[in-house]
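Engineer: what's the 3D shape of this:
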Amino acid sequence: MEGLPETGRCLVMGILNVTPDSFSDGGVWLAEEAAVAHGIAMARQGADLVDVGGESTRPGAARPHQDDELARVVPVIAALTRAGVNVTVDTMRSRVAREAVAAGAVAVNDVSGGLADEAMLSTVAELEVPYIAMHWRGHSTDMQQRATYGDVVEDVATELADRVEAATRAGIPTQRLALDPGLGFAKTPEHNWALLAGMEVLLSLGQPLLIGASRKAFLGALLADPKGQPRPTPERDDATAAVSALAAVCGAWCLRVHDVRRSVDAVSVASRWMKETALAGQDGGGR
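Structural biologist: Numbering: from 1, shown residues only. This next block holds a predicted model:
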């Protein structure tokens, strides 16, 4: 793959957590057979990419041993690739990235943006695959203690610009580089909403933008019941789809989601809306 995949519309990336402890579906897809079946199902529902990860990054999560991460993701990636699914690997480790690409992964999605493993950026440059760098301030064990910003949109944009510089210096060309503001990673709910509202600033960095809001706690808080209890995690997919539609209209390149079908539908609505808006503009506001 020369550069980032493009379809003429916002892409949808299905989340495949091959983990025992992810916040939404930990343990559900841990078995290889179940993971492969789910990955194929997401592709049939319209996922442009299936993102396979073997390490939970929920707040407070402990890191698995590298060998355990490899054992979780590599067989699943190989099987999905054989089935014709476009697979990305969700990892912070350069060795996992290397073996995942050897197994068929078409891109590396690194929530640390190259900060967790000093060999990651040079490894991705050598592998010549697309790279998604997320805004990150530390591992899950203490990341929420780092959620301090002056202006969260400007601060995240500045720190992502540093990641772009580091990646290009390591040899990753900008046409293979996307960015992710890292919703929920060292962010409060207020920070997450500010970043979504500030997508224009993030897009001004000049790189495609991935948005990962799916089922996250800030949506649960928004949808809390009258007693203040957050909406349960599996019941946040409609709100996720609303974010997907709005983010697509605002220029997102890709949406990373658990429920593929809802977000594929949301992107279809957004794409048609934008098309009609453009046509109306060409007609001087009338049809």
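
Engineer: rest of the way, CA atoms for contacts and neighbours
Structural biologist: OK.

Engineer: which is the next helix or strand following whichever strand in the chain runs longest?
Structural biologist: Counting residues, the longest strand found in the chain (DSSP state E) is strand 11-17. Heading C-terminal from strand 11-17, the first helix or strand you meet, by DSSP states H and E, is helix 32-44.

Engineer: The helix or strand following that next one packs against which elements?
Structural biologist: Following helix 32-44 in sequence order, the next helix or strand is strand 49-53 (DSSP H and E). If you count contacts as 3 or more C-alpha pairs under 8 Å, 6 or more residues apart in numbering; DSSP states H and E, strand 49-53 packs onto strand 11-17, helix 32-44, helix 66-82, strand 87-90.

Engineer: All the strands of the stretch 151-287 of the chain, in order from the start?
Structural biologist: 177-180, 210-211, 254-257 (DSSP state E, counting those that start in this stretch).

Engineer: Quick check: buried residues in stretch 193-208?
Structural biologist: Within stretch 193-208, the residues scored as buried using 16 or more other C-alpha atoms under 10 Å are Leu195, Leu196, Gly198, Met199, Leu202, Leu203, Gln207, Pro208.

Engineer: returning to that earlier point: nearest to Tyr149, out of the strands of the stretch 151-287 of the chain?
Structural biologist: strand 177-180 (17.3 Å; C-alpha to C-alpha).

Engineer: Rounded mean pLDDT for that closest one, please.
Structural biologist: For strand 177-180, mean pLDDT is 98.

Engineer: who touches it?
Structural biologist: For strand 177-180, the surrounding residues in contact (C-alpha atoms under 8 Å, 6 or more residues apart in numbering) are 3-4, 130-135, 160, 164, 207-212.

Engineer: these two touch, right, Ser94 and Ala116?
Structural biologist: No - using C-alpha atoms under 8 Å, Ser94 makes no contact with Ala116, being 9.4 Å away.

Engineer: remind me which residues of the stretch 1-150 of the chain are low pLDDT?
Structural biologist: 1-2, 21-27 (pLDDT under 70).

Engineer: try 50 this time
Structural biologist: 1 (pLDDT under 50).

Engineer: just to revisit the earlier point, so which of the buried residues of stretch 193-208 is the closest to Leu16?
Structural biologist: Distances from Leu16 to these, taken by C-alpha to C-alpha, are shortest for Pro208, at 21.9 Å.

Engineer: who touches that closest one in this structure?
Structural biologist: Here Pro208 is in contact with Leu177, Ala178, Leu179, Ala252, Trp253 (criterion: C-alpha under 8 Å, 6+ apart).

Engineer: now do Val101
Structural biologist: With the criterion set at C-alpha under 8 Å, 6+ apart, Val101 makes contact with Val89, Ala107, Leu127.

Engineer: State the distance from it to Gly138.
Structural biologist: 25 Å (C-alpha to C-alpha, to the nearest Å).

Engineer: repeat for Val73
Structural biologist: With C-alpha to C-alpha as the criterion, Val73 and Gly138 are 23 Å apart.

Engineer: Also Ala280?
Structural biologist: 46 Å.
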